[in-house]
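[1] Quick one, fold the following:
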Amino acid sequence: MLNTNTEFLRPEIMDVLRLFDCDGEDFTHYFYADGNKYINCIEYRGEIRDFSYERETHDDIEFKRYARRSAKLAFYELLSVVKGINFPYGALTGIRPTKLAYAEMSEGRDYKKLLEDMHVSAENIELVGRVIDSQRGIYDKKGGQDIFVSLPFCPTKCRYCSFITSPISATAQYVDAYISCIERELQAIKPLLSDVRSVYIGGGTPFAIEAVQLARVYKAIAALNLPECEYTVEAGRPDVFDEEKLKLSKDFGVSRICVNPQSFSDETLARIGRKHTAAQTFAAYNMAEKYGFDINIDLIAGLDGESSDDFSESVDCAVRLNPANITVHTLSLKSGAKLKEEIHRLHVEGIAEMIAVSREKLTAAGYEPYYMYRQKYQAGGHENCGWAKSGKACVYNIDVMEEISDNIAVGANAISKRIFGGGQRIERSDSPKDIPTYIAKCDKVTADKLALFSRKD
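    Numbers count the residues shown, from 1 in each chain. Okay, the predicted model is just below:
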């Protein structure tokens, strides 16, 4: 249990306590400021320790930001000594290390100094720098809009998955009505569009629906009369690929698709609830490659029962296919996932080695990290990272992770974001997660979105 005299610090402190698996232990915390000093006193296991950090602030927003940072750092420094554990991102618990780095750079400060102070490892400070370098040319042209279309349908639900997806066998009855809502939403947002940077159809598994249904979505997007831009379909699992859907995608101008095996081990695929094999992944990739798409392959480090050698072999398989992008996720315990219902804490033997091997092999194969983000309850405190061949970085992924462009999102569980003041303020409009609820409330969802993006401020 945490007792603190300053409640606005509690969420930040609790993130650190969970990191060290200490959220069930007793702590008493006192915080106060003395001029430019931020002082944290922590009582733990009968001992009181004081931590003092110095930072000049100019307004209440800055004060609270650095108060939170000091509290996180104090608890991290205490527990890393007591527990004898260091994590790869130190006291950083936020999901976007690169965004923090950009904020420091905008103030004329060296972001590396901040990351060092927060005990981020040297390897991860280097990774942040490589990501920033890769984003040049896309980040510099920030602004404009991205369009996201949610198709939350899958063949089955994986054990680690927290999305709203249900097996298509249970949701097929809603697909046509759902697409009608997508069509209405897309038609409604057309007057809002200008300077569209990318279109992204995500899931779920968009290829899980029938080709005639997918064509309706493509036609609704075509009716927006967008200028040529990056156009991604997260096609999904290899067992839903076919020539008809690939040709349809090519005919409607899709430029980038995702083949998401997560692993090239048939034993692992069976354990996580997938109904395809590695052989089907190779077949789906070869089928898609003929159409000239830029292809992304997703892998997950830390899946059930996988060793470092198993994961290393999956990386090798992905590299041999030579896609434009390879995304390496670290397994995370997420609310709504069957995996989180089954276990309270996530420990994956060899996870650090898996991440290190992926970085080494992808770098050697000519890939550079171009976007990254982190999640709570992620194995070993690591990250998700997208890797790209030269000139193949995904605009949509950079825009979303760095929050540098408006995102107009349609469909169930879609969260639209409007950026104000160059990123100083972000306002959101979200849709219901449940598919039948979204269908019933589509008109209100659309009205709320139009209200957000039609405002003049």
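[2] Going by residue numbers, what spans are strands in the stretch 101-250 of the chain?
    Under the criterion DSSP state E, counting those that start in this stretch, the stretch 101-250 of the chain contains strands at 145-150, 153-154, 166-167, 196-202, 230-236.
[3] okay, these in a markdown table with mean neighbour count, mean pLDDT and distance to His58 next?
    To be clear about C-beta, it is placed using only N, CA and C from the backbone, and glycine gets the same treatment. Shown next, in a markdown table, are the strands of the stretch 101-250 of the chain (neighbours: other CB atoms under 10 Å; pLDDT from 0 to 100; distance: least, CB to CB, whole Å):
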| stretch | mean neighbour count | mean pLDDT | distance to His58 |
| --- | --- | --- | --- |
| strand 145-150 | 24 | 98 | 33 |
| strand 153-154 | 25 | 87 | 49 |
| strand 166-167 | 16 | 68 | 50 |
| strand 196-202 | 23 | 97 | 34 |
| strand 230-236 | 24 | 94 | 39 |
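[4] Can you say which of these is nearest to Ile189?
    Ile189 lies closest to strand 145-150 among the strands of the stretch 101-250 of the chain, at 7.8 Å (CB to CB).
[5] how many degrees apart are that closest one and strand 230-236 in direction?
    Put simply, strand 145-150 runs at 20 degrees to strand 230-236, going by axes from the mean of the first three to the mean of the last three CA atoms, to 10 degrees.
[6] where along the stretch 251-400 of the chain do the helices fall?
    266-271, 278-289, 308-321, 338-342, 351-364, 395-402 (DSSP state H, counting those that start in this stretch).
[7] The strands of the stretch 101-250 of the chain: which one's closest to Lys290?
    strand 230-236 (14.2 Å).
[8] picking that back up, lowest mean pLDDT across the helices of the stretch 251-400 of the chain, which one is that?
    Mean pLDDT is lowest for helix 338-342 out of the helices of the stretch 251-400 of the chain, coming in at a mean of 46.
[9] pull the longest helix from this structure.
    Criterion DSSP state H: the longest helix present in the chain is helix 60-83.
[10] Restricting to C-alpha, output that one in PDB.
    Below are the C-alpha coordinates for helix 60-83, written out as PDB (Å, rounded to 0.1, in the frame of the first residue of the first chain):
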ATOM      1  CA  ASP A  60       2.600  25.000 -12.700                       C
ATOM      2  CA  ILE A  61       2.500  22.600 -15.700                       C
ATOM      3  CA  GLU A  62       6.300  22.300 -15.600                       C
ATOM      4  CA  PHE A  63       6.300  22.000 -11.800                       C
ATOM      5  CA  LYS A  64       3.900  19.000 -11.900                       C
ATOM      6  CA  ARG A  65       5.800  17.400 -14.700                       C
ATOM      7  CA  TYR A  66       9.100  17.500 -12.900                       C
ATOM      8  CA  ALA A  67       7.500  16.600  -9.600                       C
ATOM      9  CA  ARG A  68       6.200  13.400 -11.200                       C
ATOM     10  CA  ARG A  69       9.600  12.700 -12.700                       C
ATOM     11  CA  SER A  70      11.400  13.200  -9.400                       C
ATOM     12  CA  ALA A  71       9.000  10.800  -7.600                       C
ATOM     13  CA  LYS A  72       9.500   8.100 -10.200                       C
ATOM     14  CA  LEU A  73      13.200   8.500 -10.100                       C
ATOM     15  CA  ALA A  74      13.300   8.400  -6.300                       C
ATOM     16  CA  PHE A  75      11.400   5.200  -6.100                       C
ATOM     17  CA  TYR A  76      13.400   3.600  -8.900                       C
ATOM     18  CA  GLU A  77      16.700   4.500  -7.300                       C
ATOM     19  CA  LEU A  78      15.500   3.100  -4.000                       C
ATOM     20  CA  LEU A  79      14.100  -0.200  -5.300                       C
ATOM     21  CA  SER A  80      16.900  -0.900  -7.800                       C
ATOM     22  CA  VAL A  81      19.300  -0.900  -4.900                       C
ATOM     23  CA  VAL A  82      17.100  -2.800  -2.500                       C
ATOM     24  CA  LYS A  83      16.100  -5.400  -5.100                       C
END
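[11] That one packs against which elements?
    Using 3 or more CB pairs under 8 Å, 6 or more residues apart in numbering; DSSP states H and E, the elements in contact with helix 60-83 are helix 10-19, strand 27-34, strand 37-44, strand 47-54.
[12] got a list of contacts for it?
    Contact with helix 60-83 is made by 6, 8-9, 12-13, 15-17, 19-20, 22, 27, 29, 31, 33, 38, 40, 42, 44-45, 49, 51, 53, 55, 57, 85-87, 90-91, 93, 117-119, as judged by CB atoms under 8 Å, 6 or more residues apart in numbering.
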